[in-house]
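Participant: What follows is a predicted protein model with its sequence.
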Amino acid sequence: MGLNRSEFLKLTVWGFVATLLPLQQIKALSFISNLQTFDNDNYVLAIEKAKLAKEYFFKKEYQQSEKLYLECITLAPADIRFYDNLQNVYSAQGKRLLCVELFKNGLIANPNKIDFYDRSARSLMRLELGYPKIAEQYRNQINSPSLLEDAKQIYDQAIQIDPSAKFLEVGKQKVVKKIDSNALTTNYWTSKEHKKERKLNRNFHNSRYDKLTNEELLAKLEEFDKKRRNTLYFDNQQKTREKNIVKEKKKIYKLLIINVKKERQLQEAILYANQLYTIDNKDTFAVKILKRLYIETNNYTELINFQRKHNEFEYTVYSHLGLMYALNLKYEKEIYDVNLLNESIDVGEDLYKNWGLIKNLKVKVVDKLSEAYILKGSFSDAKILIKETIETTTPLPEGMINSLIYCYANIYYRNGEYYEAKNILLLGLLQNSKGDTAEFPYIEELALKKEDNKFSANLNLYYLLFSAYSKLNDDANKDLVLQQLLQNNIEDKFAIKHS
């Protein structure tokens with residue numbers, strides 16, 4: 001016998017004279033008891049209809065999905081899965097009361113099946129906690145003081161039927177916890193207790209892979225690729241699913257990289273880092289760790305290849321700077337091929353002249369470009385570049401001022417002009433004596449624009465000043481710089497190394 005929607009569900013509580021509780025009254029309601037008669041042929045047909053109903057659901061054709069799930073329940077009224085799926089249809093449309101009514105009628109038809117008690121109790125709990133205004137109307141209609149208490153009574157009844165079912169006891173404890181915590185009078189979002197609970201839940205969720213072995217992590221990755229998933233029919237849903245899959249995979253790859261790196265399996269770490277980069281070429285962890293691993297393994301050729309590839313994906317100032325860094329490093333560490341420097345200089349000059357850089361990026365580009373000039377021996381080009389930047393880029397924050405002063409002094413230092421480097425640094429530190437300012441008035445003018453001139457902000461200048469004094473064999477001032485560094489920080493590694 002087929003039932004239409006209104007016959008199966010007494011659509012609203014307003015037209016339904018009986019109450020959900022006590023349970024004895026529920027059992028007396030036998031108007032759908034004939035649903036309990038079905039055979040295997042009916043069940044097979046129900047499964048086929050459910051497949052089509054699920055397809056309609058994912059297409060958001062809810063009326064068709066609802067109609068088919070009701071037919072499934074008519075064919076196999078004891079299978080809780082059809083009720084669960086129909087609840088999803090109602091929830092997607094915001095029909096909260098129909099979810100409650102659905103499981104109420106399911107319980108009437110299946111008074112000895114504990115799954116229906118569980119679902120009925122959970123539907124009441126969701127209504128009470130999530131939709132207080134609708135819950136109040138519902139309580140008034142069925143003359144109930146508390147839907148949470150009703151849910152607890154339903155669990156008690158189910159536990160009497162099957163005391164061994166652990167999920168019933170878990171469900172009951174959740175309800176009891178909400179009752180004891182005065183959940184209805186406590187603001188979930190502002191309560192300190194709830195905030196703490198949410199934080200613990202987040203931490204537990206975020207750490208769910210932390211204790212897995214590498215083999216278990218790899219098995220999880222394989223599960224993601226092999227898992228069967230429902231077909232989605234909307235681009236936004238498909239993109240959300242793909243985003244979530246990538247997010248989970250990234251967590252696993254990062255753990256694998258950290259684990260094998262600790263074990264000094266660097267080639268394996270490079271493999272996982274490349275796989276991480278493949279699924280998300282914007283992941284900053286993947287980019288940084290690949291750079292470090294290539295440098296740590298002295299694989300400068302692959303570092304350059306990676307930076308070129310990354311530059312194609314990103315094509316930002318930072319990706320160009322990364323390529324310049326790799327080219328400069330390979331020249332300096334591995335092979336003195338001037339073509340590497342020429343490529344680096346071409347990239348840097350293009351950025352400097354054509355990209356309309358904001359101040360902080362301009363200083364970063366100037367730093368890398370001057371380094372390439374220095375490595376090539378084009379010290380005059382490097383000096384012109386820094387001086388031009390100083391004169392045309394104002395105002396500047398203190399950190400950028402110190403960067404430019406350091407770069408400028410470093411050019412002279414690297415060219416063996418130690419006396420000039422020393423004077424530039426003293427001007428930058430505002431410690432110049434008379435007669436030392438004439439050659440570099442623009443450096444003094446720049447240094448005077450620093451607001452605080454804190455010692456800690458000038459550390460790089462002091463380190464280079466120590467080296468300049470060393471080259472000039474000025475032991476007294478060299479030792480004075482060390483004393484100043486140690487007074488600032490007794491654990492200063494540079495000062496300790498050179499003491």
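Facilitator: Received, thanks.
Participant: wait, isn't I134 in contact with L97?
Facilitator: Yes. With contact defined as Cβ atoms under 8 Å, I134 reaches L97; the gap is 6.5 Å. To be clear about C-beta, it is placed using only N, CA and C from the backbone, and glycine gets the same treatment.
Participant: quick one: which of those two has more around it?
Facilitator: Between I134 and L97, counted using other Cβ atoms under 10 Å, L97 has the larger neighbour count: 20 against 15.
Participant: after the worst-scoring helix or strand of the chain on mean pLDDT comes which helix or strand?
Facilitator: Taking mean pLDDT, DSSP states H and E as the measure, the chain has helix 23-28 as its least confident helix or strand, at a mean of 36. Per DSSP states H and E, the first helix or strand lying C-terminal to helix 23-28 is helix 40-58.
Participant: what about the helices in the stretch 51-200 of the chain?
Facilitator: Secondary structure of the stretch 51-200 of the chain by DSSP state H, counting those that start in this stretch: the helices cover 62-75, 80-92, 96-109, 114-130, 132-142, 147-161, 166-180, 192-206.
Participant: As TSV, those helices with distance to N214 and mean pLDDT would be great.
Facilitator: What follows is the helices of the stretch 51-200 of the chain, written out as TSV (distance: least, Cβ to Cβ, whole Å; pLDDT from 0 to 100):
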stretch	distance to N214	mean pLDDT
helix 62-75	43	92
helix 80-92	37	95
helix 96-109	43	87
helix 114-130	38	95
helix 132-142	48	89
helix 147-161	42	94
helix 166-180	33	95
helix 192-206	19	86
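Participant: I'd like these written out as JSON lines, with distance to I252 added.
Facilitator: Shown next, in JSON lines, are those (distance: least, Cβ to Cβ, whole Å):
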{"stretch": "helix 62-75", "distance to I252": "35"}
{"stretch": "helix 80-92", "distance to I252": "29"}
{"stretch": "helix 96-109", "distance to I252": "35"}
{"stretch": "helix 114-130", "distance to I252": "32"}
{"stretch": "helix 132-142", "distance to I252": "40"}
{"stretch": "helix 147-161", "distance to I252": "37"}
{"stretch": "helix 166-180", "distance to I252": "29"}
{"stretch": "helix 192-206", "distance to I252": "13"}
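Participant: Go through the helix or strand harbouring S344 and flag the buried ones.
Facilitator: If you go by DSSP H and E, S344 is part of helix 338-354. For helix 338-354, the neighbour count (16 or more other Cβ atoms under 10 Å) marks 340-341, 343-345, 347-349, 351-352 as buried.
Participant: So which of the helices of the stretch 51-200 of the chain is nearest D474?
Facilitator: D474 lies closest to helix 192-206 among the helices of the stretch 51-200 of the chain, at 55.0 Å (Cβ to Cβ).
Participant: and K434, what pLDDT?
Facilitator: Looking at K434, its pLDDT is 54.
Participant: same question, M1
Facilitator: 37.
Participant: again, but for the one 10 residues further on
Facilitator: On pLDDT, L11 comes in at 34.
Participant: Next: Q36.
Facilitator: At Q36, the pLDDT value in this model is 49.
Participant: coming back round to it: mind listing the shared neighbours of I134 and L97?
Facilitator: By the contact definition Cβ atoms under 8 Å, 6 or more residues apart in numbering, I134 and L97 are jointly contacted by L127.
Participant: What distance do you get for the residue lying closest to E343 once chain neighbours are set aside to Y418?
Facilitator: Computed as Cβ to Cβ, 6 or more residues apart in numbering, the closest residue to E343 that is not its neighbour in sequence is L327, at 5.6 Å. From L327 across to Y418, the span is 28 Å (Cβ to Cβ, to the nearest Å).
Participant: Comparing the two, which residue is more hemmed in?
Facilitator: L327 (29 against 18).
Participant: these two touch, right, E193 and N182?
Facilitator: No. E193 is not in contact with N182 according to Cβ under 8 Å; the separation is 10.5 Å.
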